[in-house]
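**Q** Okay, here's the prediction I keep looking at, along with the sequence it came from:
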Amino acid sequence: MSSDHFDLDDDEEPPALVSTEIPLDLEDLQLSKAPITIVTGYLGAGKTTLLNYILTEQHSKKIAVILNEFGNSSDIEKSLTVQKDGQQVEEWLELANGCICCSVKDMGVAAIEKLMERRGKFDYILLETTGLADPGNIAPMFWLDEALKSTIFLDGIVTLVDAANIIRTLEDQEAFSRDDEAGVGMTTAHLQISHADVVVINKADLVTREEIEVVKQRIAGMNGLARIIVTEKGKVDNLEEWLLDLKAYETVGELKTPIKTQLDETISTVSLELPELDEEMLDSLDAWIRSLLWEAEVPSPPKGLGDRVPGDSSKQPILDIHRLKGRAITKTGNALLIQGVRETFEIFDAPDQNSAIKAGGKLVLIGRGLRDVDVNESLKWFLSRGRAE
Ligand SMILES: Nc1nc2c(ncn2[C@@H]2O[C@H](COP(=O)(O)OP(=O)(O)OP(=O)(O)O)[C@@H](O)[C@H]2O)c(=O)[nH]1
C-alpha cells in the first residue's frame, strides 16, 4: 500500500496522568478491548488487495490495518518497539472513512498496544503478516491469558489462498517445504491453512468452477473447522461475517464433523466424541491433551493401541497438533470449552451454557500425523483408565 500522506505525530509529550476516584469496572475494560484479526496467506495470495478493499470500502467501522514483518517468533521477541536512530518510527496513513493504515517492522504485542493507545480507540485491528509467516507462532502472543492486562485480543486468523496456485504450492514439497522443526512435507501454506478460522480462496477469476471445487475439498479435508469463502480481488461482501468479530478463540462454533476425503498427505482434521465427564475424567482429558500438545505423544496402553506403526520403528509418525477446539460436558451439568493453538491450550466455562450442553461433548484436532494414529481409541482408553485402575 502506498501513501502520499503520513501523519508523523510523535514528539508530543503524553498528557500527565491524573488520578481518578472512579473505580474501574473490569467488565467494561474487557468489553472495550479491540479485536485483532491476523490476515495471513502465501506470497502473492492477495492479502494487500483484500485489505485495500476493506480500507477503501464505505462502511461505518473504524479499522486499523497494520502491515508488518511478522515472520517468525524470534524477530518478534527481538524487538518490541520500532526504533530508527534512537527514535520511535510510526507511519500512519489516515483514510477518509476513519480507518487508518500503519506500516511497521518487527513489532510485538506491547508495541501494537502502545500504538493503539496513542491513536485512540479502533473497532477492529487487522494485522497483515508476511507471506512466509507461520501464524502458529504469532497467534499465542495475542491470545493472552492475563486478558485484562491487554487492550487487544485475538479474534481469529484469516488465511488467503491463491486459487490458481495453492494446490501446486501444497504439493511442491521441494520448492516450498520448510526445513525447520516443522518437518519434511510441511509447507508454509500447510501451516497457514491449518491455523485458519476462515479461508479466503481468492483469484477465483483465474480458475474454473471445477478447479475451485478441488481447492475447496482439499482445504476442507485439511482444516475441517475453517469456514471457506471464494473471492475475486479480495472482495468479501459481508465483513462482519467473514473477517471481523470472528470470536474464534472465545467460542468454538458448530464443531462440525470434518469431511472424510483426506486429500492432503500432511494435514488432517480429526473429530472425537466426548462422553460426559466426572472430575477424574476431566483431569484425564487435560493430561491427554498435554501429552499430545507438549510431548507429541498419543498415550497408549501397554500393548495393543499404538502411537507407532507396528513392526517398523523407523516409521514413528510425527505428531504435531496445530489447532484444537472442543466442548466438554461434565456429569454435574457444566459446559466447558477447550481452545488450543500449538502448545498453548485453555479449558474454560462456556459463555452460553445452554447451547453448549445441547450441542454435546466433542473434541476436534487439526495437525500433522493424525492419519497415522488412533487418537479416538487412545482417548477412550485414557478416559476410562482411572476408573479401571
Ligand atoms: N486476477 C486476479 N489477480 C489478483 C486477485 N487478487 C489479487 N490479485 C493480484 O495478485 C497480485 C498479488 O496481490 P497482493 O494483494 O499484493 O498479494 P499479497 O498476498 O499481499 O502479496 P505479498 O505481500 O507478496 O505476500 C497483485 O498483482 C494483485 O493485483 C484476484 O482475485 N484476481
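**A** Great, that's in hand.

**Q** remind me which residues of the chain are low pLDDT?
**A** Across the chain, the ranges flagged by pLDDT under 70 are 1-32, 68-108, 110-111, 114-115, 118-119, 144-149, 173-184, 259-262, 303-317, 386-389.

**Q** what does it put close to the ligand?
**A** Near the ligand, the residues belonging to the chain are 41, 43-49, 131, 202-203, 205-206, 232-234 when assessed by C-beta under 6 Å from any ligand atom. C-betas here are computed from N, CA, C, even on glycine.

**Q** Of those residues - the most surrounded one?
**A** Among the residues of the chain next to the ligand, the one with the most neighbours (other C-beta atoms under 10 Å) is residue 41, at 31 neighbours.

**Q** how about the helices in this protein?
**A** Assigned by DSSP state H, the helices in the chain fall at 26-31, 47-56, 73-78, 109-119, 135-142, 166-171, 173-176, 188-194, 209-222, 239-242, 279-295, 353-359, 375-388.

**Q** Which residue ranges make up each domain of this protein?
**A** Using the TED database, the domains assigned to the chain come out as 34-70+88-249, 268-301+319-386.

**Q** Including distance to residue 255, could the ones you listed go into CSV?
**A** Below are the domains of the chain laid out as CSV (distance: least, C-beta to C-beta, whole Å):
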stretch, distance to residue 255
domain 34-70+88-249, 7
domain 268-301+319-386, 5
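
**Q** so which of the helices of the chain comes closest to residue 345?
**A** Nearest of these to residue 345, taken as C-beta to C-beta: helix 279-295 at 5.9 Å.

**Q** In that closest one, which residues are buried?
**A** Across helix 279-295, burial judged by 16 or more other C-beta atoms under 10 Å covers 281-282, 284-285, 288-289, 291-293.

**Q** and of these, the nearest to the ligand?
**A** Distance to the ligand across the buried residues of helix 279-295 (C-beta to the nearest ligand atom) is lowest for residue 293, with 29.5 Å.

**Q** Wait, that closest one touches residue 341, no?
**A** No: contact criterion C-beta atoms under 8 Å: residue 293 and residue 341 do not qualify, at 9.5 Å.

**Q** Overlap in contacts, those two.
**A** Taking C-beta atoms under 8 Å, 6 or more residues apart in numbering as the criterion, residue 293 and residue 341 both touch residue 324.

**Q** Pull out the buried positions in stretch 49-65.
**A** For stretch 49-65, the neighbour count (16+ other C-beta under 10 Å) marks 49-55, 61-65 as buried.

**Q** Report the two of those residues separated the most.
**A** Greatest spacing in these, by C-beta to C-beta: 49 and 62 (21.4 Å).

**Q** And residue 127, how close does it get to the ligand?
**A** Note on residue 127: its distance to the ligand, by C-beta to the nearest ligand atom, to the nearest Å, is 13 Å.

**Q** do residue 335 as well
**A** Separation of residue 335 from the ligand (C-beta to the nearest ligand atom): 39 Å.

**Q** mind listing what that residue touches?
**A** Taking C-beta under 8 Å, 6+ apart as the criterion, residue 335 is in contact with 327-329, 349-350, 353, 356-357.

**Q** For ChimeraX, what selects the buried ones among the residues you listed?
**A** The ChimeraX selection below is limited to those of the contacts of residue 335 classed as buried (16+ other C-beta under 10 Å):
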select :327,328,329,350,356,357
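
**Q** Which one of the contacts of residue 335 is nearest to the ligand?
**A** Nearest to the ligand among the contacts of residue 335 is residue 327, at 34.1 Å by C-beta to the nearest ligand atom.

**Q** Verify the contact between that closest one and residue 349 for me.
**A** No: counting by C-beta under 8 Å, residue 327 does not reach residue 349; the two are 11.3 Å apart.

**Q** Mutual contacts of these two, please.
**A** Counting by C-beta under 8 Å, 6+ apart, the common neighbours of residue 327 and residue 349 are 335-337.

**Q** Columns distance to residue 121 on top of these, output as CSV?
**A** CSV is the format used below for the shared contacts of residue 327 and residue 349 (distance: C-beta to C-beta, whole Å):
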residue, distance to residue 121
335, 33
336, 32
337, 28
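
**Q** Send me stretch 46-63 as PDB with only the CA atoms.
**A** Written as PDB, here are the backbone C-alpha positions of stretch 46-63 (Å, rounded to 0.1, in the frame of the first residue of the first chain):
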ATOM      1  CA  GLY A  46      -3.900 -11.200  -2.300                       C
ATOM      2  CA  LYS A  47      -3.600 -10.100   1.300                       C
ATOM      3  CA  THR A  48      -2.800  -6.400   0.400                       C
ATOM      4  CA  THR A  49      -5.600  -6.400  -2.200                       C
ATOM      5  CA  LEU A  50      -8.100  -7.600   0.400                       C
ATOM      6  CA  LEU A  51      -7.000  -5.100   3.000                       C
ATOM      7  CA  ASN A  52      -7.100  -2.300   0.400                       C
ATOM      8  CA  TYR A  53     -10.600  -3.300  -0.500                       C
ATOM      9  CA  ILE A  54     -11.600  -3.100   3.200                       C
ATOM     10  CA  LEU A  55     -10.000   0.200   3.800                       C
ATOM     11  CA  THR A  56     -11.500   1.900   0.800                       C
ATOM     12  CA  GLU A  57     -15.000   0.500   1.000                       C
ATOM     13  CA  GLN A  58     -17.600   2.700   2.500                       C
ATOM     14  CA  HIS A  59     -18.600   1.300   5.900                       C
ATOM     15  CA  SER A  60     -19.100   2.700   9.400                       C
ATOM     16  CA  LYS A  61     -16.300   0.700  11.000                       C
ATOM     17  CA  LYS A  62     -13.100   2.200  12.400                       C
ATOM     18  CA  ILE A  63     -10.500  -0.300  11.300                       C
END
